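Participant: sequence? don't have it. structure:
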């Protein structure tokens, strides 16, 4: 399956763009996706923290992803 | 001595005007003045509370008054 | 900076904001009192505010000075209106700027709470069938 | 009433106030974030705010809905600006009206505190000699 992942703030600079595409052989959990992202973009590990969002909601580690999901890397927020 | 006493809010209605004048034989304390006012205007006793101010400051019971002092009856405040 | 005013003219939110705005401020908290259209279910026709002006200005200044001593705030504005006010009009505006929002919120809250306890200003509620000085009687 | 907005245009304090104003309100608390001219002694040239807009709007709405559940407030406005902001400009305005001031203050404080924790908006500080995404790194 193909997953398109949006990136914001510092994550946009780490992945080198507003979004990245990952090709996967299986349907991953959020935890598995996070591991894959960290292998591909080791600088993610240097962040104070980051979360993944699925379809505009913060996701849990055990959530399972689906083909059309809108996934986003959410680095530490700093609005306001 | 002559004391002119300003009245505000409900106190203005109780004493019947923006100020009243009291003629006294001696220099009273705030406590004594308060007693005199309550005898002359018994409705003051029906208030939730009231304080006296001297020269724009809340006064204490033992403060002694002087001829030119600006005295005011301060019923419960309700600004804001 | 402290800016204290008692005015018979309508108060201006923008003016209060502009006065506390500062390039070293990160947060501004503003409290705006407004005239409610009813009290305990009774329709309020209008309100009348009366101040013992010299003492009220002095007490308002004391509040602002205490705040500057207690919390790291930059500017404080306390404007109070007097005279006849209709529903939706503004009796009081308090604005506080600070580098960090915690001080701005805490100081603004302290200012309105203390103003309501110690500043000699009185409010009369006028109903269709009578009027009452608020808080005067138990 | 809940009014949520993310805008590239300057935010209007008067608009936010007018939206929460209500004849049943007795108190309105407004928090205004402002861009400080320095961070840890370093001069800030400007800020850039970026939002994950669909999710940010949804998170802002959740904050407002939680507030209406938790406290007796009438109206809540949360407006956030994105794009390039200079010193003195306004990234965020939160306004809350309530019958009594306690709820207005508590809700407004909760709104800005929660927004800063959970709403996907990011701020980049641009200095004369570099730039940094705020809070990104430990």
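Facilitator: Alright, I've got the coordinates. Remember, it's a predicted structure, so these values are computed and weren't measured experimentally.
Participant: Just grab the bridge partners of the residue nearest to the spatial centre of chain A for me.
Facilitator: Among the residues of chain A, the one closest to the centroid is residue A:73, at 3.8 Å (Cα atoms, centre = their mean). Partner residues in beta bridges with residue A:73, using DSSP bridges, are residue A:7, residue A:52.
Participant: Can you check what pLDDT the model gives residue C:23?
Facilitator: On pLDDT, residue C:23 comes in at 89.
Participant: what do you get for residue A:27?
Facilitator: Among the per-residue scores, residue A:27 holds a pLDDT of 82.
Participant: For it, give me phi and psi.
Facilitator: Backbone geometry at residue A:27, expressed as degrees, to the nearest 10, gives phi -90, psi 110.
Participant: Please apply the same query to residue C:115.
Facilitator: Summarising the backbone geometry of residue C:115 under the convention degrees, to the nearest 10, its torsions are phi -60, psi -40.
Participant: could you list every residue that touches it?
Facilitator: Taking Cβ atoms under 8 Å, 6 or more residues apart in numbering or on different chains as the criterion, residue C:115 is in contact with B:79, B:80, C:59, C:60, C:63, C:78, C:80, C:92, C:94. Yep, even glycine has a C-beta here, placed from its N, CA and C like the rest.
Participant: if you set the cut-off to 10 Å instead, what comes out?
Facilitator: Residues counted as contacts of residue C:115 (Cβ atoms under 10 Å, 6 or more residues apart in numbering or on different chains) are B:77, B:79-80, C:31, C:33, C:56, C:59-60, C:63, C:78, C:80, C:92, C:94, C:121.
Participant: now swap in residue C:18 and tell me
Facilitator: Going by Cβ under 10 Å, 6+ apart, residue C:18 touches C:12, C:77, C:95, D:13.
Participant: Of those - the most surrounded one?
Facilitator: residue C:95 (28 neighbours; other Cβ atoms under 10 Å in any protein chain shown).
Participant: Residue C:1 is in contact with that one, correct?
Facilitator: No: in terms of Cβ atoms under 10 Å, residue C:95 does not count as a neighbour of residue C:1; the distance is 11.1 Å.
Participant: Mutual contacts of the two, please.
Facilitator: Common neighbours of residue C:95 and residue C:1 (Cβ under 10 Å, 6+ apart) are C:19, C:20, C:75, C:76, C:77.
Participant: secondary structure element for residue 61?
Facilitator: Going with chain A. No secondary structure element spans residue A:61, as it lies outside all helices and strands (assigned by DSSP states H and E).
Participant: try chain C instead
Facilitator: helix C:53-70.
Participant: would you list every one of the strands in chain A?
Facilitator: Using DSSP state E, the strands assigned to chain A run over residues A:2-7, A:19-23, A:51-54, A:57-58, A:71-74.
Participant: Contacts only, for the closest residue to residue A:19 other than its chain neighbours.
Facilitator: Nearest in space to residue A:19, with sequence neighbours left out and distances taken as Cβ to Cβ, 6 or more residues apart in numbering or on different chains, is residue A:6 at 5.1 Å. If you count contacts by Cβ under 10 Å, 6+ apart, residue A:6 has them with A:12, A:15, A:17-20, A:53, A:70-74, D:52, D:55.
Participant: hmm, back to that, farthest-separated two in the shared contacts of residue C:95 and residue C:1?
Facilitator: Farthest pair in the shared contacts of residue C:95 and residue C:1 (Cβ to Cβ) is C:19 and C:76. Separation: 9.1 Å.
Participant: So what's the residue count around residue C:56?
Facilitator: Other residues within reach of residue C:56, judged by other Cβ under 10 Å, total 25.
Participant: mind listing what it touches?
Facilitator: With Cβ under 10 Å, 6+ apart as the criterion, the residues that contact residue C:56 are B:8, B:56, B:77, B:79, C:4, C:6, C:50, C:80, C:82, C:115, C:118-122.
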